[in-house]
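Undergrad: Generate coordinates for the sequence data below:
(4 chains)
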2 protein chains.
Amino acid sequence: MKRADRLIQIIELMRRERRPVTAAYMAEELEVTPRTIYRDMVTLTASGVPIDGEAGIGYVMGDGYHMPPMMFTEDELEALMLGMRMVQERADKDLAKAAKNLIGKISTSIPDDLSALFLNTDLYAPQFVKIKDETVSVADIRHALRHQFKIKITYADVKGDVTMRIVWPILMAHFYDNRNMVAWCEKREAFRSFRTERIQELEVLPEKYRPYRKSLIKKWAIENQIPELA
Amino acid sequence: MKRADRLIQIIELMRRERRPVTAAYMAEELEVTPRTIYRDMVTLTASGVPIDGEAGIGYVMGDGYHMPPMMFTEDELEALMLGMRMVQERADKDLAKAAKNLIGKISTSIPDDLSALFLNTDLYAPQFVKIKDETVSVADIRHALRHQFKIKITYADVKGDVTMRIVWPILMAHFYDNRNMVAWCEKREAFRSFRTERIQELEVLPEKYRPYRKSLIKKWAIENQIPELA
DNA sequence: ACACTGCTGACAAAAATTGTCAGTACTATT
DNA sequence: AATAGTACTGACAATTTTTGTCAGCAGTGT
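TA: Coordinates of the predicted model:
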């Protein structure tokens, strides 16, 4: 990659990251050595781009630097299309519908030539193992999860034992052949995973749970040794 | 002045001008020849900076036309996020990077409260079977495919036999544990699938293939009994 | 018809970029 | 007080990029 491109990409990258970004990270992502990144940063700051670097921390972009909205690149549109295909194949039907709507919205708001490219079928992402449809509305779970509502569920476990519990949903996990809701179970006082298709009944309670979902996710990630979420 | 600086300055200059700016004017201002400005513009637009050039007029920066403020529903944002996670886990590294950039672009163009919801981690879509990294650039394949360029590849088949062929790439297929390029093979005069990680060398030829990709895909889909693409 | 402008290709001289390596200084954590 | 992580600098040679030049085509507005 040429330097000029890289500089623009660094601006984009800094704009989207809220946390400090290390030179090493950028070096990896942009496929150059950290030394080159340091040189780039000098160039950018010299040209007036408000980037702050602190030893031991990383780089942060100052507020107020406003680049005009960039259009999507071909690769971004392709990533979007592939992602939406995957969602349509693999996610629950509400989300699949949302994916379809999204494709529509975006394709009408980009130039025609890009749009044609975008909508053209040149991707294929089939899922051979079909995931069972849910009895309950996964949209309800997602809604509860986003706003930290407690939910009451009737659940059939592997052995077929049916129980009723109040849980705090914190995460949706999408695996190859099943979907899981990860939640804190009030009954067991522990994290549990619930396969969505085994949830028989579901009620979103008006009551919210207190600890921030983010911290619960972190705790769960540590317990389950999933570094990318911890 | 170095090129990198000049590009950043061009962005600044375009942002503050309302009227079209001619290449000649910028060339004067930045003390280079117009030819150099034309080259710069190609670089900038390729990097996604929304600049429009019209013969007889000059250059204007797109007023957010390419990416207008869009309203998304919570479900759409969640579909988007899930899709991009999947792409990051499952697609080649260029597309993964594009997915990341896309998240950044969209998150800066939607209201803050939605943005926070959007970026919050409440999805997990791991891929346990890791797909092998490619030797060649999959971005090149995608580019050739989108624009119907022929490509020349050196390919090692299952038995380990290495051959060189000219093929017409028509489709990328993303499976659970591998990625495939589907193409018309000039040598065999038939459709063939090539696992991307077994392509040893790749050259995008300047020559385009004639039949529309869409019709080739259809033919391939019928041969392979894939009704959703036929 | 005309002037103006965007845009492209090719080439060789000139200039910038890069990785490498070795080292300094600052920050937060232990 | 020690340690790990990070920003940052200098110098050099191989490599890559950039630039001007020139010649031309194509679209826009008068």
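
Undergrad: Can you pull out the low-pLDDT segments for chain A?
TA: Residue ranges of chain A with pLDDT under 70: A:64-70, A:111-114, A:230.

Undergrad: counting residues per strand, which one in it is longest?
TA: Longest among the strand segments of chain A by residue count, using DSSP state E, is strand A:162-174.

Undergrad: Can that strand be said to contact chain B?
TA: Yes - on the criterion CB under 8 Å from any CB of the partner chain, strand A:162-174 is in touch with chain B at A:170-174. (Glycine included, C-beta is placed from N, CA and C.)

Undergrad: A:Leu7: helix or strand, and which one exactly?
TA: Using DSSP states H and E, A:Leu7 maps to helix A:3-16.

Undergrad: Show me what that helix is packed against.
TA: Judged by 3 or more CB pairs under 8 Å, 6 or more residues apart in numbering or on different chains; DSSP states H and E, the packing partners of helix A:3-16 are helix A:23-30, helix A:34-46, strand A:58-61, helix B:3-16, helix B:34-46, helix B:93-108.

Undergrad: so can I have CSV of the residues of strand A:162-174 next to chain B showing distance to A:Ile199 and neighbour count?
TA: Below are the residues of strand A:162-174 next to chain B laid out as CSV (distance: CB to CB, whole Å; neighbours: other CB atoms under 10 Å in any protein chain shown):
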residue, distance to A:Ile199, neighbour count
A:Ile170, 15, 25
A:Leu171, 15, 21
A:Met172, 12, 23
A:Ala173, 14, 17
A:His174, 16, 22
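
Undergrad: Rebuild those as CSV, extending it with distance to A:Ala91.
TA: Listed next are those as CSV, based on distance: CB to CB, whole Å:
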residue, distance to A:Ala91
A:Ile170, 18
A:Leu171, 14
A:Met172, 9
A:Ala173, 12
A:His174, 7
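
Undergrad: which parts of chain A sit against DNA strand D?
TA: Counting by CB under 7 Å from any atom of the strand, the positions of chain A adjacent to DNA strand D are A:2-4, A:20-24, A:34-35, A:38, A:41-42, A:53-59.

Undergrad: ok, of these, which come out buried?
TA: A:3-4, A:20-23, A:41, A:53, A:58-59 (16 or more other CB atoms under 10 Å in any protein chain shown).

Undergrad: how deep is A:Tyr124 tucked in, by neighbour count?
TA: For A:Tyr124, the count of nearby residues is 20 (other CB atoms under 10 Å in any protein chain shown).

Undergrad: Tell me the bridge partners for the closest residue to it other than its chain neighbours.
TA: Nearest residue to A:Tyr124, sequence neighbours excluded (CB to CB, 6 or more residues apart in numbering or on different chains): B:Ala173, at 4.3 Å. Legend: beta-bridge partners of B:Ala173 under DSSP bridges are A:Tyr124, B:Asn180.

Undergrad: The longest strand of chain A: how far from the chain's middle?
TA: Centroid displacement of strand A:162-174 relative to its chain, using CA atoms, centre = their mean, to the nearest Å, is 19 Å.

Undergrad: and if you look at stretch A:99-113?
TA: Here stretch A:99-113 is found 20 Å from its chain centre; the criterion is CA atoms, centre = their mean.

Undergrad: what sits against the residue lying farthest from the centre of chain A?
TA: The C-alpha centroid of chain A is most remote from A:Ala46, which lies 34.5 Å away (CA atoms, centre = their mean). With contact taken as CB atoms under 8 Å, 6 or more residues apart in numbering or on different chains, A:Ala46 is in contact with B:Asp5.

Undergrad: Validate this expectation: A:Gly160 resides in a helix.
TA: No - A:Gly160 sits outside any helix when classified using DSSP: H, G, I helix; E, B strand; the rest coil, being coil.

Undergrad: What does it show for phi and psi?
TA: When read as degrees, to the nearest 10, the backbone of A:Gly160 gives phi 100, psi 0.

Undergrad: Could you count how many residues lie near it?
TA: 7.

Undergrad: Okay, it and B:Gly53: tell me how far apart.
TA: Noted for A:Gly160: a distance of 67 Å to B:Gly53, by CB to CB, to the nearest Å.

Undergrad: what's the answer for A:Lys214, then?
TA: To B:Gly53, A:Lys214 is 46 Å away according to CB to CB.

Undergrad: Repeat that for A:Arg39.
TA: In this view, A:Arg39 and B:Gly53 are 31 Å apart by CB to CB.

Undergrad: Equivalent analysis for A:Val60, please.
TA: 34 Å.

Undergrad: Then A:Tyr155?
TA: Using CB to CB, A:Tyr155 is found at 60 Å from B:Gly53.

Undergrad: try A:Ala99
TA: The gap separating A:Ala99 from B:Gly53 is 35 Å, by CB to CB.

Undergrad: Could you tell me which residues make contact with A:His143?
TA: A:149, A:204, B:74.

Undergrad: My read is that A:Pro34 contacts A:Glu28, right?
TA: No - counting by CB atoms under 8 Å, A:Pro34 does not reach A:Glu28; the two are 9.0 Å apart.

Undergrad: what's next to stretch A:126-137, contact-wise?
TA: The contact list for stretch A:126-137, computed with CB under 8 Å, 6+ apart, reads A:89-90, A:92-94, A:153, A:176-179, A:196-197, A:199-202, B:173, B:175-176.

Undergrad: cool, and stretch A:78-87?
TA: So stretch A:78-87 is contacted by A:72, A:95-96, A:98-100, A:102-103, A:106, A:118, A:123-125, B:79-80, B:82-84, B:86-87, B:90-91, B:95-96, B:98-99, B:102, B:142, B:146, B:174 (CB under 8 Å, 6+ apart).

Undergrad: Can you select the buried ones among these for me in ChimeraX?
TA: Burial among the contacts of stretch A:78-87 is assessed by 16+ other CB under 10 Å; the matching ChimeraX selection reads:
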select /A:72,95,96,98,99,102,103,106,118,123,124,125 /B:79,80,82,83,84,86,87,90,91,95,96,98,99,102,142,146,174
